[in-house]
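> Here you go, sequence then predicted model.
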Amino acid sequence: MNKFFLTLVFCTFFAFAQAQQIRLATFNIRVDVAKDAPANMWKDRAPMVNSLVSFHNFDAFGIQEAQPNQLADMEKGLPSYTVVADGKHNGLNSSAIFFKTAVYDLVKSGSFWLAPNPTDGNRAWDAKYPRGCTWVALKDKKTAKVFYYFNTHLDHVGVEARKNSTKLIATKIKEISITTKRTVKITFKYLLRVFY
């Protein structure tokens, strides 16, 4: 098989107090490119993406480079998950979050742009593309514990954009979740960090 385009960046377990485990993952599903070689077409990759998620039984996961048709294919193929996508990109790539509907209730969600003005969807700093961050607050249906999960795709070209984007995300995490003193998890393409 040609190059496997599903890049599983990081998959691990994270533990809350009392040994509650959450299986999280993040990966870049790669945009649907019409001129791809037949073996790399999204219609052929979609079943692999859905199969990977089902096999690993993730509690929640973030994806990058998702286009509306790809999100629709994943929603159809993963009926036990709820998807939260930023919705601001108007057809551009999305950093969506999926979570198990039977395990979590969605408390709240949102998104912001990685730009000096987080409500402005323009390309910022030295980034090649406009970038955004999607977040959710999820409540475990059994334990009532809430955690915040942030997912984004940092720019692959702009060094300043990556640096400033991570600073902005840290600031937004404090704004969004600091008053609750909840666990925060964040997934990036190429990087995963946990903040307590």
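All right, it came through fine. Numbers count the residues shown, from 1 in each chain.

> Mind listing the residues bridging to the closest residue to Phe98 other than its chain neighbours?
Leaving out its chain neighbours, the residue that sits closest to Phe98 by C-beta to C-beta, 6 or more residues apart in numbering is Tyr81, at 4.3 Å. (Glycine included, C-beta is placed from N, CA and C.) Counting by DSSP bridges, Tyr81 is bridged to Lys100.

> For Tyr81, give me the pLDDT.
Tyr81 carries a pLDDT score of 98 in this model.

> try Asn90
48.

> rewinding a little: how about the contacts made by the residue nearest to Phe98?
Tyr81 makes contact with Val53, Glu75, Phe98, Phe99, Lys100, Thr101, according to C-beta atoms under 8 Å, 6 or more residues apart in numbering.

> show me where this protein has strands.
Per DSSP state E, the chain carries strands over the ranges 7-15, 21-28, 60-64, 81-84, 97-100, 104-113, 132-140, 146-152, 183-188, 191-195.

> pLDDT averaged over the first one, what's the number?
Across strand 7-15, the average pLDDT comes to 35.

> so who does the closest residue in space to Ala96 that isn't next to it in sequence touch?
Leaving out its chain neighbours, the residue that sits closest to Ala96 by C-beta to C-beta, 6+ apart is Ala85, at 4.0 Å. Ala85 makes contact with Ala66, Leu71, Ser94, Ala96, Ile97, Thr134 under the criterion C-beta under 8 Å, 6+ apart.
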